[in-house]
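Colleague: how would this look folded up:
(one chain, ligands or ions: 2)
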Amino acid sequence: MKEGEIMKVGLLGATGYSGAVLYSLLKQHPNVTHLNLYGHNTGTSKKVFLETAIPAYLNEHLELQEFDPVAIMNSNDVLFCATPAGVTSKIARPFIEENFPVIDLSGDFRFKDPAVYSKWYHKPAAPAEQLQKACYGLTDFQTPTTHYIANPGCYATASLLGLAPLVIEKMIIPDTIIIDAKSGVSGAGKKPNTSNNYSFINENAWLYKMNQHQHIPEIVQQLQAWNKNISAIEFTTTLIPITRGIMATIYVKAAPNITLTKIKQAFNKYYQHDKFIRLLPEETPSIKEVTGSNYCNIGLSYNEVTNTIVIVSVIDNLMKGAAGQALQNFNQLFNFPEEAGLPLLPLFP
Ligand SMILES: NC(=O)C1=CN([C@@H]2O[C@H](COP(=O)(O)OP(=O)(O)OC[C@H]3O[C@@H](n4cnc5c(N)ncnc54)[C@H](OP(=O)(O)O)[C@@H]3O)[C@@H](O)[C@H]2O)C=CC1
Ligand SMILES: CC(=O)N[C@@H](CCC(=O)OP(=O)(O)O)C(=O)O
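Modeller: Ligands and ions are numbered 1, 2, ... in the order given. Take a look at the predicted model:
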């Protein structure tokens, strides 16, 4: 594919939070001419329209079609899946067999080892031979190597982007990584539950899934790909009363002879030409600096007294943490300009 070529795009899960954001990005993408939406196989004649499922999308009078892999492959050049964990592991086979491009926002194809997935997601994994056909799409470090792209998780994206330069350059003491991550409630999707109930989370903060969060093995898998000496991380996730956004505050002990200048040089080496990572040389970032955008803002400090490097990494979970990065993967897969379809300014104020 080249710049100027047109694409027919299928989207499964457009009525969810990340699917809806993806829909709005794809609608403005200069190379996307047809957008076909797919939903559950209801087996009934009941029609579902985007505008009724999402009141904010009034006038988007698109019907969700039944999920049918053959029809999807005949009508589209690529499929995005913005479905909960446990869906694509069951439906991906025909697409993988046909080498049909899929960008999967769920965790189902992020691991090479099926046992890791089933342990942390508490669900059956996709077969190992299918997992081998998928590639992990952390766009700032990898371009797609297969046609099935596993889009990274939201916390994993913020954490890995904050750690990458120091881990790749071996500037830290392995196994001293502590990540204290906080997320807005849209990270949990649109389904109401006890923890995203207004009267629970308003004016509240709640640390959940202690030592059990499914992004722990995802982060470790990628850190190990960069540096074999890393075997474990400390990782906590806290729900905070905002709609969108993640802040990962990362604490790590510096290897001998590290200085703040060397730390900044490492971050500049990897990110100074990166369109979607903005380094803050003297300040720490706030979440609102990236809300509504595909940016990851990163701030740094080094405390010589405690030999601790602190990195603060912020993203919009629905953009860089989901739909925005998925669109970057799409642009990379089809050789479109990196920023095509992505807003270049966050919401302000
Ligand atoms: N929210 C976020 O910030 C992030 C989410 N993710 C991942 O992206 C995926 C989507 O998340 P999110 O948008 O939050 O989820 P939502 O719960 O908001 O939306 C899920 C969507 O999938 C649809 N769906 C559910 N089951 C099926 C099925 N069997 N067949 C077809 N469609 C189905 C739902 O339709 P219906 O409503 O009709 O059931 C809905 O449109 C998840 O895997 C999530 O973990 C990744 C990074 C960040
Ligand atoms: C706030 C909140 O609940 N966030 C979700 C993130 C879900 C997600 O991104 O899930 P996968 O990447 O595993 O698909 C969580 O912590 O489970």
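Colleague: buried ones in the helix or strand of the chain with the lowest mean pLDDT?
Modeller: Across the helices and strands of the chain, mean confidence by mean pLDDT, DSSP states H and E is lowest for helix 50-53: a mean of 94. Using 16 or more other C-beta atoms under 10 Å as the test for burial, helix 50-53 gives 50, 53. Using the backbone N, CA and C atoms, a C-beta is placed for each residue, glycine as well.
Colleague: does ligand 1 sit close to it?
Modeller: No: applying C-beta under 6 Å from any ligand atom, one finds helix 50-53 separated from ligand 1 by no less than 6.9 Å.
Colleague: what does stretch 158-177 give?
Modeller: No: using C-beta under 6 Å from any ligand atom, stretch 158-177 stays clear of ligand 1, coming no nearer than 10.5 Å.
Colleague: all helices for the stretch 151-300 of the chain, in order.
Modeller: 154-168, 198-201, 215-226, 260-271 (DSSP state H, counting those that start in this stretch).
Colleague: of those helices, flag the one that's most buried.
Modeller: With neighbours taken as mean count of other C-beta atoms under 10 Å, the helices of the stretch 151-300 of the chain reach their highest mean count in helix 154-168, at a mean of 26.
Colleague: could the C-alpha coordinates of it be exported in PDB?
Modeller: Below are the C-alpha coordinates for helix 154-168, written out as PDB (Å, rounded to 0.1, in the frame of the first residue of the first chain):
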ATOM      1  CA  CYS A 154      -2.800   0.600  28.100                       C
ATOM      2  CA  TYR A 155      -0.800   0.300  31.300                       C
ATOM      3  CA  ALA A 156       1.800  -1.800  29.400                       C
ATOM      4  CA  THR A 157       2.200   1.000  26.800                       C
ATOM      5  CA  ALA A 158       2.800   3.700  29.400                       C
ATOM      6  CA  SER A 159       5.100   1.600  31.500                       C
ATOM      7  CA  LEU A 160       7.200   0.200  28.600                       C
ATOM      8  CA  LEU A 161       7.700   3.600  26.900                       C
ATOM      9  CA  GLY A 162       8.800   5.000  30.300                       C
ATOM     10  CA  LEU A 163      11.300   2.200  30.800                       C
ATOM     11  CA  ALA A 164      12.600   1.300  27.300                       C
ATOM     12  CA  PRO A 165      15.700   3.500  26.900                       C
ATOM     13  CA  LEU A 166      17.100   2.600  30.400                       C
ATOM     14  CA  VAL A 167      16.400  -1.100  30.000                       C
ATOM     15  CA  ILE A 168      17.700  -1.400  26.400                       C
END
